[in-house]
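*Asks:* After the sequence you'll find the predicted model.
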Amino acid sequence: MRVALFAAGLFMASFLLHLCLWRIRVPRRQTTALLLIFLLPVTPVLVLWSFLPALHWFGIPGPWEFAHVALFQISLALAYIVVYSALEQDSPTLIIVTYVAAAGDAGRSPQDIHAIFVTSGLLRIRIQSILASNLAECSDGMVTLTPKGRFWAALFGGVRRVYGMDKGA
Amino acid sequence: MGDVYPWLVLAPIFGLSAQVFFHLVLCWTCRRWGFFRRLAVSSAAGFVGGTVASVLALLEMQSPAADVVVLLLFNALIYLALSYGYFNFIQLNVSSLRIRMLHELSVNAQGLSEQKLLDLYNEREMLEYRLARLVQGQQIAERRGRLYFRRSAVYAIALVIDFCKRLVVGRRIRDAYTPSSPAKDGSRADPA
C-alpha cells in the first residue's frame, strides 16, 4: 500500500508544481515543460532510493517496487499530456458534442454547426504547424517531407494498414 | 513481497497487451462495428485481463484486504492511463488533419504546392465527415436532418475536459462558440 501512496503523492506533487508554474507563466514549449515536470522527478527518486535507506520506509525497498512507482508516474503523465493538448486547443469533436447538448430538445441543424467554425486560414495553420515541426520543408513553393516527416508518415501508414483503417480526417 | 510482486507490476501491461490483441482481432472480424465500439470492447477486455492478473498476484502474495483494494485501484489507474494513450494514438489516424497531410505528402514524392494541399480539402466535407462519424458512433443522434444530444462516452469526456480546462487554462469549451464569451486568446474553434 505504501508503494501506491508514495506514487500518488509523487504524481500529485508534480501536478501541483505544474499548476503553480502555469499561474506564474505558461511556458512557450508546453509539452516539453510538462514532460520535464512529470518525468524528471523519477530520476532523483531513484538516486535517493539508492543512497538513502531511510527512503525504504516509504515502501519502495526494491527495484520492482520502484518500477511500479515509475510505471504509475510515466503512464499517468503521458495520459495527462494527451489530455492537456485537448485543454490547450479546442477540439472540434468536443465542441460539436457540447454545442449539440446545449440545444437540448431543440437540437441543432448541420448548418448551425458549420457556422460556429472559422472557415478561413485553418488549413494554412496546419501546414505551417507541419513546417514548424520540421516534418516537412518548403522549397520553390513545393512542400516535401523531411526524413522526420517520412518516418511519422510511414509509422501512421503502417498502423492504418495493420488495423485496416481508412485515411480518415 | 516475494517473487510474485513482479507479476503485480506487469499486470497493467498485460492488460494493455490484451487490449491491443482484441482490438486488432475486432478490426478485422467485426468491420461493421463502429470505431468507438471496437475500442470500447477491446478496452474492457484489457481491463478484465489486467484485473484478473492483479487479483491472482495479490492472492498469491496473501496481502491484507486493505492492500488488495488499494493495489487493485492502483493497477486499474495505470491500465486506464495506458489504455487512454493507446486510444488516442489509434484515433489520431482518423481525426488528425496533420497526419492526413503527411500521408498525402508521402504519396507525392515530388512534393505538393501549398495551394494543392489546400485544394485537397474541403472544410465543409471535413465537418460532414466528423458529424457522420459521431452519428455512426452513436455519440449524437440524428432525426429528420437535425442533430440531438445523446448520453455518450464522448460527451462524458467533454464534461471532464471542460472541468480540467477551467482548472488549468481558465477557459471552457463553450467559449469557442458563445459570441458573448470569446476565447481569451481571441481564437475561435478550428478543425484539427
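*Replies:* Done, it's in. Residues are numbered from 1 along each chain as shown, chains lettered A, B, ... in the order given.
*Asks:* other SSEs contacting the longest helix belonging to chain A?
*Replies:* The residue-count maximum for a helix in chain A (DSSP state H) belongs to helix A:63-88. Where contact means 3 or more CB pairs under 8 Å, 6 or more residues apart in numbering or on different chains; DSSP states H and E, helix A:63-88 is packed against helix A:2-24, helix A:30-39, helix A:42-51, helix B:5-29, helix B:65-95, helix B:153-168. C-beta coordinates here come from the backbone N, C-alpha and C atoms, glycine included.
*Asks:* Looking at those, which is nearest to residue B:110?
*Replies:* Closest to residue B:110 of the helices and strands packed on helix A:63-88 is helix B:65-95 (CB to CB; 24.7 Å).
*Asks:* worst average pLDDT in the helices and strands packed on helix A:63-88?
*Replies:* Ranked by mean pLDDT, those bottom out at helix A:42-51, with a mean of 72.
*Asks:* where's the spatially closest residue to residue B:26 that is not a sequence neighbour relative to residue B:45, distance?
*Replies:* Among residues not flanking residue B:26 along the chain, residue B:38 sits closest, at 4.4 Å (CB to CB, 6 or more residues apart in numbering or on different chains). Residue B:38 is 11 Å from residue B:45, where distance means CB to CB, to the nearest Å.
*Asks:* Out of these two, name the residue with the larger neighbour count.
*Replies:* More crowded of residue B:38 and residue B:45, by other CB atoms under 10 Å in any protein chain shown: residue B:38, with 21 against 18.
*Asks:* Now do the contacts for the more buried one.
*Replies:* B:23, B:26, B:27, B:30 (CB atoms under 8 Å, 6 or more residues apart in numbering or on different chains).
*Asks:* In a helix, it, correct?
*Replies:* Yes - counting by DSSP: H, G, I helix; E, B strand; the rest coil, one finds residue B:38 located in a helix.
*Asks:* Off-centre distance for stretch B:142-150?
*Replies:* Counting by CA atoms, centre = their mean, to the nearest Å, stretch B:142-150 is centred 23 Å from the centre of its parent chain.
*Asks:* how long is it end to end?
*Replies:* Start-to-end span of stretch B:142-150 (CA to CA, to the nearest Å) is 10 Å.
*Asks:* Name the residues that touch it?
*Replies:* A:100-101, A:103-105, A:107-110, A:113, B:131, B:135, B:138-141, B:155.
*Asks:* and with 7 Å instead?
*Replies:* If you take CB atoms under 7 Å, 6 or more residues apart in numbering or on different chains as the criterion, stretch B:142-150 is touched by A:100, A:101, A:104, A:107, A:108, A:109, A:110, B:135, B:138, B:139, B:140, B:141.
*Asks:* Inside helices: which ones of these?
*Replies:* Residues of the contacts of stretch B:142-150 located in helices (DSSP H): A:100, A:101, A:110, B:135.
*Asks:* from these, which two are the most distant?
*Replies:* It's A:101 and A:110 that sit farthest apart of those, by CB to CB, at 15.8 Å.
*Asks:* which of the two has more neighbours?
*Replies:* A direct count of neighbours by other CB under 10 Å for residue A:101 and residue A:110 places residue A:101 higher, at 18 against 15.
*Asks:* so what's that one up against?
*Replies:* If you count contacts by CB under 7 Å, 6+ apart, then residue A:101 has B:149, B:155 around it.
*Asks:* if I read this right, residue A:116 contacts residue B:177, doesn't it?
*Replies:* Yes - taking contacts as CB atoms under 7 Å, residue A:116 lies within contact range of residue B:177: 4.2 Å.
*Asks:* of the two, who's got more company?
*Replies:* residue B:177 (22 against 18).
*Asks:* how much space is there between the more buried one and chain A?
*Replies:* 4 Å (CB to the nearest CB, to the nearest Å).
*Asks:* same question, residue B:17
*Replies:* Taking CB to the nearest CB, one finds residue B:17 at 14 Å from chain A.
*Asks:* mind checking the SS state of residue A:144?
*Replies:* Strictly by three-state DSSP, residue A:144 counts as strand.
*Asks:* out of the helices and strands packed on helix A:63-88, nearest to residue A:142?
*Replies:* Closest approach to residue A:142 among the helices and strands packed on helix A:63-88 (CB to CB): helix B:65-95, 25.7 Å.
*Asks:* Does at least one residue of that closest one sit close to chain A?
*Replies:* Yes - contact of helix B:65-95 with chain A (CB under 7 Å from any CB of the partner chain) involves B:66-67, B:70-71, B:74, B:77-78, B:81-82, B:84-85, B:88, B:90, B:93-95.
*Asks:* Pull out the buried residues from stretch A:126-136.
*Replies:* A:126, A:127, A:130, A:131, A:135, A:136 (16 or more other CB atoms under 10 Å in any protein chain shown).
*Asks:* Good, wrapping up.
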